[in-house]
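Participant: My questions are about this predicted structure, shown below with the sequence.
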Amino acid sequence: MMKEINIGLLGLGTVGTGVAKILIENRELISSRVGVVLNLKTVAVKDMNKNRDIRIDHRDMTDDAFKVVNDPDIDIIVEMIGGETIARDLILEAIENGKQVVTANKALLANQGTHLMKAAVEKRVDLAFEASIGGCMPIVKTIRESLVGNHIKAMTGILNGTCNYILSKITDDGSTFETALAEAQKKGYAETNPTLDVEGTDTAHKLAILTALAYGMEINLKDIYTEGISKITPMDIEYARQFGYRIKLLAISKNHEDSVEARVHPTMIPFNNLLSNVNGCLNSITVSADAAGDMLHYGYGAGMMPTASAVISDLADLARNLASESSGRIPLLAYQVDKIKKIRVMPIEDIVTHYYIRFAAQDHPGVLSKISGALGNYGISIKSVHQKGRKANGSVPIVMLSHTAREANMLKALKEITDLNSVTDKPCLIRIEDENYEE
Ligand code: NDP
Ligand code: HSE
């Protein structure tokens, strides 16, 4: 008879429901591949009386999640509650009890991952988190296992389904930001607090975990420059289109050996960049590695079943490890613990790139030369100037594309321009990533 591994599922919301569905509906398929039966033993929820998309016998449910992590018959805990308080306490208690853990909780990992992983290593248990980044895309496994023989040079990704859905709906369907966000929430893509999505924090959580995995560094969230999409206007999206670009919220990371670039911000990318055609809640990431070269992952980055698919992949790995008594075989953060270093994250002021800048200025003679003069004071050269929009509240939009510039200089110039009497609003700055940008 096949060995049974008992699973305790904490949370039966969007992702938890998907996990339960796959475990129940694909039970035989999974056991025929994994070689053990993954048995969903107990499910913890907050509200036992809630209507559910799935039928689970009430005898297998509880509203006391701590009972589940303390159940000696449970081998693997799947934490699908989210947040950084009760989820952390439950994971730590599960680890303390010697249980394997699967989570999709990138906020918790990015903020407290070092502590959780130390606890797991001490107890020689696995803490798996494939679903925390990129939904169904196997990016953690790719970096940690498939690229084990490579130096990773760079990663660029669309890692938040909610933001990509919103930007796609505004760009392609003329939706408003608010309508698109409400739809993303209804579809189960957004975090409980959607500010985490739209202000770029969720993407930064994912990038913090990825940079740690890729470069052998400690998880360092606080130094990742993070800017979300809430200030992107339909006007900027339309200008981008006229220049041959789409605006995407990108996570960008480059390995400079003694330091890394790790930043999250809206970015203009050319139509022929593969990432510019990744729309809706789809995610994608390009990884550049010294032996493998460039590779691209593409898939659903949020939602019930795609995320659950990644959780099941982790469950299969942990169940196989338990069956072969080989838990702890793969280092949680890809590198042996004593090889993990503190690597400096480059401040945003040090990056060098191209810029789209838009000013609202009074339509008076001489305004343009004052703006150009301020940019020139900091050595910033302008590639093109555009003034096509209509007057609104006495101001006209002036749009400029810059040649390569250092961000510190750009910020100083923008400060000087903002102080001009003829400039009526804060300038809008969007970075451009375009390999074929004409200098
Ligand atoms: P939901 O809000 O849909 O579900 C949360 C679940 O946790 C609910 O079932 C809730 O119970 C349960 N819960 C809350 N508090 C407790 C408690 N004290 N004890 C037991 N159960 C509790 O969240 P999601 O499924 O969207 O997200 C879960 C995790 O997955 C988060 O960390 C999120 O960041 C991550 N994630 C989400 C993705 C997505 O697409 N949604 C994708 C990738 C990761 P009840 O149902 O009774 O209210
Ligand atoms: N809120 C997240 C997103 C869920 O929209 O991408 C997946 O991590």
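Facilitator: That came through fine. Numbering: from 1, shown residues only. Ligands and ions are numbered 1, 2, ... in the order given.

Participant: Report the spatially nearest residue to the residue in the chain that ligand 1 sits nearest to, omitting neighbours in sequence.
Facilitator: Nearest to ligand 1 in the chain, going by CB to the nearest ligand atom, is residue 13, at a distance of 1.8 Å. C-beta here means a position set from N, CA and C on the backbone, and glycine is covered the same way. Using CB to CB, 6 or more residues apart in numbering and skipping residues adjacent in sequence, the residue nearest residue 13 is residue 80, 6.7 Å away.

Participant: I figured that neighbour was touching residue 20, is that so?
Facilitator: No. Applying CB atoms under 8 Å, one finds residue 80 not in contact with residue 20, separated by 9.3 Å.

Participant: Mind listing the shared neighbours of those two?
Facilitator: Common neighbours of residue 80 and residue 20, using CB atoms under 8 Å, 6 or more residues apart in numbering, are 9, 12.

Participant: so how far is stretch 235-252 off the chain centroid?
Facilitator: How far stretch 235-252 lies from its chain's middle: 19 Å, per CA atoms, centre = their mean, to the nearest Å.

Participant: Same check on stretch 192-211?
Facilitator: 5 Å.

Participant: do that stretch and ligand 1 meet?
Facilitator: Yes. Residues of stretch 192-211 contacting ligand 1 under CB under 6 Å from any ligand atom: residue 192.

Participant: Packing partners of the longest helix belonging to the chain?
Facilitator: Secondary structure assigned by DSSP state H gives helix 304-323 as the longest helix of the chain. With contacts taken as 3 or more CB pairs under 8 Å, 6 or more residues apart in numbering; DSSP states H and E, helix 304-323 sits against strand 4-10, helix 14-25, helix 27-34, strand 37-44, strand 76-79, strand 100-103, strand 127-128, strand 293-300.

Participant: hmm, try it at 6 Å
Facilitator: helix 14-25, strand 100-103 (3 or more CB pairs under 6 Å, 6 or more residues apart in numbering; DSSP states H and E).

Participant: most tightly surrounded among the ones you listed?
Facilitator: Burial of these is given as mean neighbour count (mean count of other CB atoms under 10 Å); strand 100-103 ranks first at a mean of 28.

Participant: Now do the buried residues in the helix or strand following that strand.
Facilitator: Next along the chain after strand 100-103, taking DSSP states H and E as the criterion, comes helix 106-122. Neighbour counts using 16 or more other CB atoms under 10 Å place 106-113, 116-117, 119-121 of helix 106-122 among the buried residues.

Participant: which residues touch the residue of the stretch 201-350 of the chain found nearest ligand 2?
Facilitator: Relative to ligand 2, the nearest point of the stretch 201-350 of the chain is residue 302 (3.8 Å; CB to the nearest ligand atom). For residue 302, the contact set (CB atoms under 6 Å, 6 or more residues apart in numbering) comprises 135, 161, 189, 281.

Participant: Quick one: neighbours of residue 36, just the number.
Facilitator: By the criterion of other CB atoms under 10 Å, residue 36 has 18 neighbours.

Participant: I'd like the distance between the residue nearest the centre of the chain and residue 141.
Facilitator: Centroid check for the chain by CA atoms, centre = their mean gives residue 203 as the closest residue, at 3.0 Å. Distance of residue 203 to residue 141, given as CB to CB, to the nearest Å: 20 Å.

Participant: now residue 223
Facilitator: According to CB to CB, residue 223 and residue 141 sit 26 Å apart.

Participant: Check residue 373 too.
Facilitator: 53 Å.

Participant: Tell me which helix or strand the nearest residue to residue 297 once chain neighbours are set aside sits in.
Facilitator: Excluding its sequence neighbours, the residue lying closest to residue 297 (CB to CB, 6+ apart) is residue 137, at 4.3 Å. Residue 137 belongs to no helix or strand when elements are defined using DSSP H and E.

Participant: Name the residues of the stretch 301-439 of the chain found near ligand 1, please.
Facilitator: Contact residues, the stretch 301-439 of the chain versus ligand 1 (CB under 6 Å from any ligand atom): 302-303, 307.

Participant: hmm, try it at 5 Å
Facilitator: For the stretch 301-439 of the chain, the contact set with ligand 1 under CB under 5 Å from any ligand atom comprises 302, 307.

Participant: Alright, that wraps it up for me.
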